[in-house]
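Predicted model and sequence below, questions to follow.
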Amino acid sequence: ITLFVSSFGFAQDVHFSQIQECPLWLNPANAGFMNGYFRAVANYRNQWMAMGNAYQTMALSVDASALKTNKGKAYLGLGLFVFNDRAGVAKMGSTQAQLHLNAIIKTGKKSRLGGAVYLGFNQNSANYAALTYGNQYDGKELNKDLGSGEVVTYNSFLNSDVGAGLNYEFSSANIDMLRDDIFSLKIGGAVHHLNQPVQKFSSGSTYKLPMRYVGNVQARIDIKGTKVAILPSVIYLRQATATEITVGTHIRYRFKNPTKVTGVKSETGLNIGVYYRVGDAIIPQINVDMGKYAVGVAYDLNISK
């Protein structure tokens, strides 16, 4: 069945549950689009462990700002995104690498706009020699020394990938002696796989990877006079006939204020949140923010059939 499906099956992208912690997977216009100069994010996702050979997804993104000054109205965001996904006994999956270039313009004292493109490569592979079949049963066990008689038509292949995105952010603050209360709103959209690379799973395959459309809104709302902030977010994904909507919020409790003038000490806090992937899962999350470093974990509680 697996070999048959590989000839006619459809391909689509993976997803992450901590959507706020995978900026370059979400939108190339997130490269360098931050309150800082450098950022590195590592993601690990283990999905459907009960199947024995679960999906394992790993991603690493690094992005930075270039030519950024207090008086300058424009600067660049540069990013590198590397991704690996594997599943099943045959370790079928893909490895991707992307370079991101983002042009960011300060459209006002409280707003900025970013437009980005990425160029990447995707390597798909599988080891079908690791599979066993019912006709290799020798009466006691599956014997790998017995020939299966199966003809493997799957190909490993490499193709290019192109995408683009936009970001707009409005941010304001109520000035205070110890710490400014922040309100920020970020709206973004992206299109991945603009070139619709052909997925050459077998000889003669003409199936093209569909474009993935992404739209998301994120906000931060500090509650005046308290150490609490609300961090709502919503994301919409569409790829061919597959759609996904994830909505939810974190509640942030601030442990320590940053040093307002020197910036030597960073803000620290605890984020506790719940997200809902519509029609699929409830996703509790917790994130410990230690200033320059943070670590988070999430678990998908499946509620669909």
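Yes, it's here. Numbers count the residues shown, from 1 in each chain.

what about stretch 283-294, start to end distance?
End-to-end span of stretch 283-294 (CA to CA, to the nearest Å): 19 Å.

before we move on, what about stretch 235-247?
So stretch 235-247: terminal residues 6 Å apart, CA to CA.

so how far is it from its chain's centroid?
13 Å (CA atoms, centre = their mean, to the nearest Å).

which residues are in contact with that stretch?
Stretch 235-247 has contacts (CB atoms under 8 Å, 6 or more residues apart in numbering) with 10, 12-13, 15, 17, 19, 26, 210-216, 233-234, 275-278, 280, 283. Quick note: C-beta positions are derived from backbone N, CA and C, even for glycine.

Which of the residues you listed fall within strands?
212-216, 233-234, 275-277, 283 (DSSP state E).

So which of those wins on neighbours?
Neighbour tally across the ones in strands among the contacts of stretch 235-247 (other CB atoms under 10 Å): the maximum, 24 neighbours, falls on residue 275.

my read: it touches residue 17, true?
Yes - at 7.0 Å, residue 275 counts as touching residue 17 under the criterion of CB atoms under 8 Å.

Quick check: neighbours shared by these two?
With CB under 8 Å, 6+ apart as the test, residue 275 and residue 17 both reach 246, 283, 285, 298.

burial count for residue 149?
By other CB under 10 Å, neighbour count at residue 149 equals 8.

and it, what does it touch?
133, 135.

Quick one: the helices in the stretch 1-150 of the chain, in order.
2-8, 23-26 (DSSP state H, counting those that start in this stretch).

these two touch, right, residue 171 and residue 184?
Yes - counting by CB under 8 Å, residue 171 touches residue 184, with 4.0 Å between them.

these two touch, right, residue 173 and residue 180?
Yes - Residue 173 lies in contact with residue 180 (CB under 8 Å); the separation is 3.8 Å.

tell me which element residue 158 is part of?
strand 157-174 (DSSP states H and E).

One more: residue 254?
Using DSSP H and E, residue 254 sits in strand 242-256.

in that strand, what's buried?
Across strand 242-256, burial judged by 16 or more other CB atoms under 10 Å covers 246, 248-250, 252, 254.

per-residue pLDDT, the residue of the chain positioned farthest from its centre?
Most distant residue from the mean C-alpha position of the chain: residue 139, 46.5 Å away (CA atoms, centre = their mean). On pLDDT, residue 139 comes in at 90.
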